[in-house]
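Q: coords below, sequence missing:
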């Protein structure tokens, strides 16, 4: 009996609790997938629907049809996204946190940078914490995190990391939960990259201020996160076209721009890697701006690839299998070339 109780407690700790935390997380304003931000996004969609009815640019017979209806919101791909959103809590506990904890001792934190700067340049006078410093610090954190995400995202579109990012692009329809269809390898890479650069930024900021400065928050959340998540952020992973126009889209990423990123049309490939800001796409040559009129789009990574990623097992394990298989084939090819007689090609 004791063994059974211990087993049930272990299962609860490993499976049930992480998924319950993910479920409760929809009430957390620190994340985009919050009922508040989802509500703002679909209220925006309602206003957009009414506007498009007036100007005759939608053929949807109802608001339910305009936001996708059963064909999108209850599509097998969407149902898989809802399930994966919950399972991500288990994957975080079993994979992400252990890997990050293993590497964390080798990554400098903000206090390490402060100590280094003090040894090189001496101590700085203490500045009193004020609203201006708090706002500036929060803005810097937001910008650093956003540009790091841009480059990590762009890196995972390269050949050897694409199999892991393909998990995200294999969604055949898009719903807000599709944002969580991120492979754990990509999540670990992003966490580590952000840890390095945010630690360096925070350490430099603390040193210049002569001590630590907290970011300005509203309702316990970063004001920048609240601001950008309120810009209908959950419409990025939907079929609802919302463009901010060519001028604004040089700086701020619109839902339409991210839908372009998910398009399987070759002319849209490797465009709009940014999350909150499209400024980085503009700076680094990957920008695609949109207009008021929706562009015809289909999502996914192509039918053969979409078919591969239609199960929870595939989303988690298939990228490892395909990547290791490619590495094995590459190694075999090199060995064959080395063993081939001179003058022969493999």
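A: In hand now; what should we look at? Bear in mind that the values here come from a model prediction, so they are computed numbers and not experimental data.
Q: what's the closest non-adjacent residue to residue 131?
A: Closest residue in space to residue 131, ignoring its immediate chain neighbours: residue 216 at 6.8 Å, by C-beta to C-beta, 6 or more residues apart in numbering. (Each C-beta comes from the backbone N, C-alpha and C, glycine too.)
Q: residues contacting the one you found?
A: 131, 134-135, 137-138, 222-223 (C-beta atoms under 8 Å, 6 or more residues apart in numbering).
Q: Out of those residues, which is nearest to residue 274?
A: Comparing the contacts of residue 216 against residue 274 with C-beta to C-beta picks out residue 222 as the nearest, at 17.9 Å.
Q: so that closest one makes contact with residue 228?
A: No - the pair residue 222 / residue 228 is not scored as a contact, 9.6 Å apart, by C-beta atoms under 8 Å.
Q: Please, where are all the helices along the stretch 1-150 of the chain?
A: Along the stretch 1-150 of the chain, counting by DSSP state H, counting those that start in this stretch, helices occupy 2-11, 17-24, 35-55, 63-66, 69-73, 76-91, 97-103, 110-121, 131-155.
Q: How about the stretch 201-346 of the chain?
A: 223-229, 255-262, 279-284, 303-308, 312-339.
Q: And residue 314, how far from residue 183?
A: 11 Å (C-beta to C-beta, to the nearest Å).
Q: With neighbour numbers in mind, choose between the two.
A: Neighbours around residue 314 and residue 183, counted as other C-beta atoms under 10 Å, are more numerous at residue 183. The numbers are 22 against 16.
Q: Next up, phi/psi of that one, please.
A: Main-chain torsions, residue 183, degrees, to the nearest 10: phi -70, psi 150.
Q: just residue 173 next, same as before
A: According to degrees, to the nearest 10, residue 173 has phi -130, psi 160.
Q: Roughly how far does it sit from residue 79?
A: 10 Å.
Q: out of those two, which sits in the busier spot?
A: Set residue 173 next to residue 79 and count neighbours by other C-beta under 10 Å: residue 173 wins out with 21 against 13.
Q: pLDDT value on residue 12, please?
A: What the model reports for residue 12 is a pLDDT of 61.
Q: swap in the one 4 residues further on?
A: Note for residue 16: predicted pLDDT of 78.
Q: same deal with residue 21?
A: For residue 21, the predicted pLDDT is 86.
Q: Same question for residue 220.
A: 67.
Q: got the contact list for residue 44?
A: 232, 235, 242.
Q: go on, residue 116?
A: Here residue 116 is in contact with 108, 203 (C-beta under 8 Å, 6+ apart).
Q: shift numbering so it begins at 11
A: Renumbered: residue one is now 11, and that last one reads residue 126.
Q: quick one: it from residue 147, how far?
A: Applying C-beta to C-beta, the value for residue 126 to residue 147 is 19 Å.
Q: Ok, residue 213 next?
A: Counting by C-beta to C-beta, the separation of residue 213 from residue 147 is 12 Å.
Q: so where's the stretch 161-310 of the chain shaky on pLDDT?
A: Scanning the stretch 161-310 of the chain for pLDDT under 70 picks out the ranges 229-230.
Q: Please enumerate the strands of it.
A: 227-228, 231-232 (DSSP state E, counting those that start in this stretch).
Q: Within the sheet, what are the partner strands of the first one, with directions?
A: So the one you mean is strand 227-228. Strand 227-228 sits in its sheet next to strand 231-232 (antiparallel), going by DSSP bridges.
Q: Please identify the deepest-packed of the strands of the stretch 161-310 of the chain.
A: Most buried of the strands of the stretch 161-310 of the chain, by mean neighbour count (mean count of other C-beta atoms under 10 Å): strand 231-232, with a mean of 18.
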